[in-house]
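Colleague: Got a predicted model here, sequence first, then my questions.
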2 protein chains.
Amino acid sequence: MKKMSGIPTETFTPLKTLCPAALPDRPVTVRGMVHALRKLGGITFLTLRGPERVLQCVFAQDAALRDVTEECAVALTGVLRAEERAPGGMELAAETLTVLSRPAAPLPVPVSKWKLDLNLDTELALRPVVLRNLRQRSVFRVQEALARAFRDTLHADGFTEIRTPKIVHAGAEGGSNIFRLDYFGRKAFLAQSPQFYKQMMIGVYEKVFEVAPVFRAEKHSTPRHLNEYTSMDFEMGFLDSFYDIMEVETRFLQNAVKLLSAEYAADLARLGVELPGVSAIPVLRFDEAKQLAAEEYHRPIRDPYDLEPEEEHNIGRYAKEKLGSDFVFVTHYPSKKRPFYAMDDPENPKYTLSFDLLFRGVEVTTGGQRIHDYQEQVDKMLARGMHPEEFESYLMIHRAGMPPHGGLGIGLERLTARLCGLDNVRRACLFPRDLSRLEP
Amino acid sequence: MKKMSGIPTETFTPLKTLCPAALPDRPVTVRGMVHALRKLGGITFLTLRGPERVLQCVFAQDAALRDVTEECAVALTGVLRAEERAPGGMELAAETLTVLSRPAAPLPVPVSKWKLDLNLDTELALRPVVLRNLRQRSVFRVQEALARAFRDTLHADGFTEIRTPKIVHAGAEGGSNIFRLDYFGRKAFLAQSPQFYKQMMIGVYEKVFEVAPVFRAEKHSTPRHLNEYTSMDFEMGFLDSFYDIMEVETRFLQNAVKLLSAEYAADLARLGVELPGVSAIPVLRFDEAKQLAAEEYHRPIRDPYDLEPEEEHNIGRYAKEKLGSDFVFVTHYPSKKRPFYAMDDPENPKYTLSFDLLFRGVEVTTGGQRIHDYQEQVDKMLARGMHPEEFESYLMIHRAGMPPHGGLGIGLERLTARLCGLDNVRRACLFPRDLSRLEP
């Protein structure tokens, strides 16, 4: 009887195991997609695309290549040799080639070019094939690294991973930017954030995290908004102060930089990304940050309780120019701009024990301490004209007892876009959703 | 200026670092929730609940405990000593106690009891507090381990993690069990699976995976269906055969068992879970499996092209009793029961190169090889009365060239429920969604 044993039986050599310093002396078989084909004199160069790199393959005579086109899936056997001028410092002197599958038509865009320079609409419409471009796909390898570093940091810190529902009966963030849904004849919504649920889990595991999609029905189109994005959320109990949350985020960023350097160097190089310094991230109070940026860049403060995108940009610029940091924490946001669950600062209840993290002038994180006392939470809801009875399953945890706690949400696509220097967050989302885009 | 350095400055000792074999000789400070309080003679026992374990704390005089109730968040200082009869083999001789927060009311259910024995409706309605029960929360630690093992296995195998949209313009699995949504005046749906998107990424990274919610508007209520669940999906290119997919899944199960033994032993013990053997998983063809189960359990085959839940149960029983395995792969499902992208078996196109994995008689995985050739895919769509022009962005990848590929989707909650011996998949979902349940 046939049985599965889980033992890998690879009949080919994965490209990523190849290294010019230790070339095998026997012929190897490699597989991949034909990324590019180029004839030069009597020689044909075939660039083979594997998951993490390309390999230059050389054919002395081109009979074997007669029916081969770009984007054929092929298996190649040959001898590897060092070749300084080839990508990765080696090439395959190919002996045999087998075509495993063929495209039905040429690609609509030349993905093997180094830079595609497509306009955003074309790029996004053709994403399923455009992503085969090496620089394009490197963006999402960087994104993978960020999510890995987030999880690894939190696992090491004793956080438990949770999975919370995306179809919900009430929005956590309020406002009108919420998608409605017919749920078997009842009105339901798509979760704007896992806020209520991650707080519910504080009494259970003390520290929890989730990396999952959230949905915002924003009716405006900007280069930094998506209608569906990935939120990296955590929530932690037994805070000494809300700065504890910012320390964990700093640790995440430090680990992300380490992981990217160690395992994603080729992707960073392709994108020309320089990793930011994260050994110490400066902290400015909201009112102080506004003041400093206003003075430095001669832009008077219009609204003392709000932060306009241009002010954010200037605070980021200030952090870079005066404090030498790509990141800056801005703390103590005004209470009326923060949600009903935010804890007010006991020293001045007009402000909250909250923060944003700006990265190169754009907000990539919102976080803060939450109210844990039942009566305090009910009172704040009532003061805002809310109806506590509509939040029964949420208030259940405050009634049952909650340690002092807080957390944050990081927009993964925004963080990726800022890190990779992309001009639009859509470029950092595989298949973005916006006002006009439901496909691919 | 204040700066965040990412350096942990914990002022207390995490419970999980305590070990009776290496007790600190100085007083320690621990923090947690008061799980239970019990007086015995002049002594008070306080069970402190931490994220992974509880610690017995003993007070010689109870003045310090005057205002303490269950579910207070507290900090305790005292000396640790070995105590065989206490959980974990040690206890804290408490000297001081500080209350950090208090509940507003007693818990609606006694969560500190070993078994709660609530009916399902009560349990799910009170989940935010019921999960504070040690056995309840262990279920979701096991679930965490399964997702971790899935990701770790695939990372090690060279897969790239992707994030695909949940708001989509067309369903991947067809049928009527799809949630509709108003998307800025356009009709949209919630993704039933990441199928189209993970295939799109095969030409990009060769091997990809995603762990994310999927949505099924099933209009029936069974102990094994959820309307929102977590699907662990992968897709891999350059298959030698579709058995390659099953080997990767077997490797995942082997790693999951290893991780659970190594890091989640306390949770398994609390739940009384015995880990299944996974060194070799038997493989039966669909028609063969039906036949064997029908003969063994005297249940005639009614429909040669379908597998009824009772037949699944019997095949699982057969695997256990006759083949000594909790798992069994069933392969070569009939073509008409599989989706339009399934590859037919060239030896008999009535069947497909597909499989399910049954675990203790319930399907926990569906997978198989997909069609990679453009014309073959278009022809199969047309033969099914579908309109290829409605799938333009999907067929773009077949036209552009795709290696032979396939993959699978694993229902995380079902796998968790079977492993933990739960009678209803809702018990393996933190906040389940079903026909009648949108809260909590």
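Modeller: Received the coordinates, thanks. Being a predicted model, the structure only gives us computed values, none of them experimental.
Colleague: Show me which helix runs longest in chain A.
Modeller: Among the elements of chain A assigned as helix by DSSP state H, the one spanning the most residues is helix A:134-156.
Colleague: From the contact counts, what lies against that helix?
Modeller: strand A:160-161, strand A:207-215, strand A:228-237, helix A:243-263, helix A:265-271, helix A:412-420, helix B:134-156, strand B:160-161 (3 or more C-beta pairs under 8 Å, 6 or more residues apart in numbering or on different chains; DSSP states H and E). Bear in mind the C-beta positions are built from the backbone N, C-alpha and C, glycine included.
Colleague: what angle separates the second one from helix A:412-420?
Modeller: Between the axes of strand A:207-215 and helix A:412-420, defined by axes from the mean of the first three to the mean of the last three C-alpha atoms, to 10 degrees, the angle is 90 degrees.
Colleague: Buried residues in strand A:207-215, which are they?
Modeller: Of the residues in strand A:207-215, A:207-215 count as buried by neighbour count, 16 or more other C-beta atoms under 10 Å in any protein chain shown.
Colleague: of all these, which comes closest to chain B?
Modeller: When these are compared for distance to chain B, the smallest value, 5.2 Å, is given by residue A:213; criterion: C-beta to the nearest C-beta.
Colleague: Enumerate every residue touching that closest one.
Modeller: The neighbourhood of residue A:213, defined by C-beta atoms under 8 Å, 6 or more residues apart in numbering or on different chains, consists of A:166, A:228-231, B:163, B:165-166, B:212-213.
Colleague: got the residues of the stretch 201-350 of chain A near chain B?
Modeller: Proximity of the stretch 201-350 of chain A to chain B (C-beta under 8 Å from any C-beta of the partner chain) is limited to residues A:201, A:203-207, A:212-213, A:215, A:217, A:219, A:227-228, A:230, A:237-238, A:240, A:243, A:246-247, A:249-251, A:253-254, A:278-284, A:323, A:329.
Colleague: List only buried entries from those.
Modeller: For these, burial is judged from neighbour counts taken by 16+ other C-beta under 10 Å, and it is met by A:201, A:203-207, A:212-213, A:215, A:217, A:227-228, A:230, A:237-238, A:243, A:246-247, A:249-251, A:253-254, A:278, A:280-284, A:323, A:329.
Colleague: Going by proximity to chain B, name the top residue of the stretch 101-250 of chain A.
Modeller: Each residue of the stretch 101-250 of chain A has a distance to chain B, by C-beta to the nearest C-beta, and the smallest belongs to residue A:103, at 3.1 Å.
Colleague: what's the domain layout of chain A?
Modeller: Under the assignment named as automatic domain parsing, the residue ranges that make up the domains of chain A are A:15-101, A:134-428.
Colleague: any idea which of the ones you listed is most buried?
Modeller: For these, the stretch with the most neighbours on average is domain A:134-428, a mean of 20; neighbours defined as mean count of other C-beta atoms under 10 Å in any protein chain shown.
Colleague: For that one, measure first residue to last.
Modeller: Start and end residues of domain A:134-428 are separated by 14 Å (C-alpha to C-alpha, to the nearest Å).
Colleague: and what of stretch A:339-355?
Modeller: One end of stretch A:339-355 to the other measures 12 Å (C-alpha to C-alpha).
Colleague: So what's the gap between that stretch and the chain middle?
Modeller: Relative to its parent chain, stretch A:339-355 has a centroid offset of 28 Å by C-alpha atoms, centre = their mean, to the nearest Å.
Colleague: Can you list the neighbours in contact with it?
Modeller: The contact list for stretch A:339-355 (C-beta under 8 Å, 6+ apart) reads A:172-174, A:195, A:199, A:241-242, A:245-246, A:283, A:286, A:329-335, A:338, A:365-372, A:377, A:380-381, A:384, A:386, A:406, A:408.
Colleague: and the helix or strand containing residue A:92, what does it pack onto?
Modeller: Element membership for residue A:92, per DSSP states H and E: strand A:90-101. Under the contact criterion of 3+ C-beta pairs under 8 Å, 6+ apart, strand A:90-101 touches strand A:28-40, strand A:43-49, strand A:54-59, strand A:73-82.
Colleague: try it again with 6 Å
Modeller: Applying 3 or more C-beta pairs under 6 Å, 6 or more residues apart in numbering or on different chains; DSSP states H and E, one finds that strand A:90-101 contacts strand A:54-59, strand A:73-82.
Colleague: The shortest one and chain B, are they touching?
Modeller: No - no part of strand A:54-59 sits near chain B under the criterion C-beta under 6 Å from any C-beta of the partner chain; the closest distance found is 12.4 Å.
Colleague: What strands line up against that strand, and which way round?
Modeller: For strand A:54-59, the paired strands and their directions (DSSP bridges) are strand A:43-49 (antiparallel), strand A:90-101 (parallel).
Colleague: pLDDT averaged over the shortest one, what's the number?
Modeller: Rounded to a whole number, the mean pLDDT of strand A:43-49 is 95.
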